[in-house]
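Participant: I would like to see how this sequence folds:
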Amino acid sequence: MPITDTELRLIANAAIIGDSSQPVNGYQPTMGTELAALEERIANTDSGAITAIQAVYVPADDFTDPAAVHTFSHLSASIVLSRQRASEGLFPAIDPLQSSSKMVTPGIVGDRHYALAQAIRRTLAQYAELKDIIAMLGLEQLSPEDRKVVARARRLERFLTQPFFTTEQFTGLKGKLVSLKDALDGCERILADEFMDPPESALYMIGAVDEATAKAKASAKASAQPESAQQPAEEEVHAVDDA
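Facilitator: Reported below is the predicted structural model:
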């Protein structure tokens, strides 16, 4: 049940006609209770259930904005789209650190899935903390363990991309369906450093993680062909000179 328009109107209209004698960052002081009155109506009962899918605009990408804080506090799961990831060509451009779900618990998704999700978030969070150091001092100044963390995180970021069927005509990449088992297996093997030899690009826009090995071999073969193609041309030039 999309209620985005209703919610945005509630916040905007209340901010305009509400009590603005003591505004909180431009919002009315009662915004929290008014928003809660709407959100708490979306609940499950013995006789039925309501599920709301809400598109939330975060002003200036500021997650500390009062409207965003009050809205996200009522959501059981959130998928946060990232401008930064989109600019890097990482699609779907979902921020795995900002996104969350209250259903990711061992009792619901299982122990293995939960443990892998936490390990992935931990690795990506460590990489995010190291980005400033890398920008100032360079990757070479990191400790060997930190460099491994960076390598794992960058490979995870690329493996978590996926070519969509709906974008085939725009990207030229065939869409792929990736099962949950293949996704978990791939992340687990990347965290275990099984794919340190193939380049990062081999993990970009693939399906199952084993495709990375075949993609890396095909890329190496393609790069080697021009070198071999030059040899006959050089031999022909020598033959002409001799003549």
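Participant: the residue lying closest to Pro163 once chain neighbours are set aside is in what secondary structure piece?
Facilitator: Nearest residue to Pro163 in three dimensions, chain neighbours excluded: Leu173, at 4.0 Å (Cβ to Cβ, 6 or more residues apart in numbering). Yep, even glycine has a C-beta here, placed from its N, CA and C like the rest. Under the criterion DSSP states H and E, no helix or strand holds Leu173.
Participant: assign a three-state SS to the nearest residue to Val149 once chain neighbours are set aside, would you?
Facilitator: Nearest non-adjacent residue to Val149, counting by Cβ to Cβ, 6+ apart: Gln126, 5.0 Å away. The local conformation at Gln126, judged by DSSP: H, G, I helix; E, B strand; the rest coil, is helix.
Participant: please apply the same query to Gln169.
Facilitator: Going by three-state DSSP: Gln169 is helix.
Participant: so what's the residue nearest the centre of the chain up against?
Facilitator: Central residue of the chain (Cα atoms, centre = their mean): Ile94, 3.5 Å from the mean position. By Cβ atoms under 8 Å, 6 or more residues apart in numbering, Ile94 lies in contact with Ile79, Val80, Leu81, Ser82, Arg85.
Participant: helix, strand or coil for Asp185?
Facilitator: Per three-state DSSP, Asp185 ends up helix.
Participant: model confidence for it, exactly?
Facilitator: Predicted confidence (pLDDT) at Asp185: the value is 97.
Participant: which ones are touching it?
Facilitator: Here Asp185 is in contact with Ala208, Val209 (Cβ under 8 Å, 6+ apart).
Participant: from Val149, how far off is it?
Facilitator: 21 Å (Cβ to Cβ, to the nearest Å).
Participant: what is the residue nearest to the centre of the chain paired to in the beta sheet?
Facilitator: Leu81 (DSSP bridges).
Participant: and Ser100, by the same measure?
Facilitator: Ser78.
Participant: so Gly48: helix, strand or coil?
Facilitator: coil.
Participant: any stretches of this protein with poor pLDDT?
Facilitator: 1-25, 226-243 (pLDDT under 70).
Participant: one more pass at 80, please.
Facilitator: Low-confidence segments of the chain (pLDDT under 80): 1-28, 43-44, 224-243.
Participant: which parts of it are helices?
Facilitator: Taking DSSP state H to define them, one finds helices in the chain at 4-17, 31-39, 66-72, 83-87, 106-109, 111-137, 144-159, 168-171, 180-191, 211-242.
Participant: so which of these gets nearest Gln54?
Facilitator: Nearest of these to Gln54, taken as Cβ to Cβ: helix 4-17 at 5.5 Å.
Participant: which residues does Leu156 contact?
Facilitator: So Leu156 contacts Ile120, Thr123, Leu124, Cys187, Ile190, Leu191 (Cβ under 8 Å, 6+ apart).
Participant: now the residues you listed as JSON lines including neighbour count and distance to Thr167?
Facilitator: Listed next are the contacts of Leu156 as JSON lines, based on neighbours: other Cβ atoms under 10 Å; distance: Cβ to Cβ, whole Å:
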{"residue": "Ile120", "neighbour count": "20", "distance to Thr167": "24"}
{"residue": "Thr123", "neighbour count": "21", "distance to Thr167": "28"}
{"residue": "Leu124", "neighbour count": "20", "distance to Thr167": "24"}
{"residue": "Cys187", "neighbour count": "22", "distance to Thr167": "23"}
{"residue": "Ile190", "neighbour count": "25", "distance to Thr167": "24"}
{"residue": "Leu191", "neighbour count": "18", "distance to Thr167": "28"}
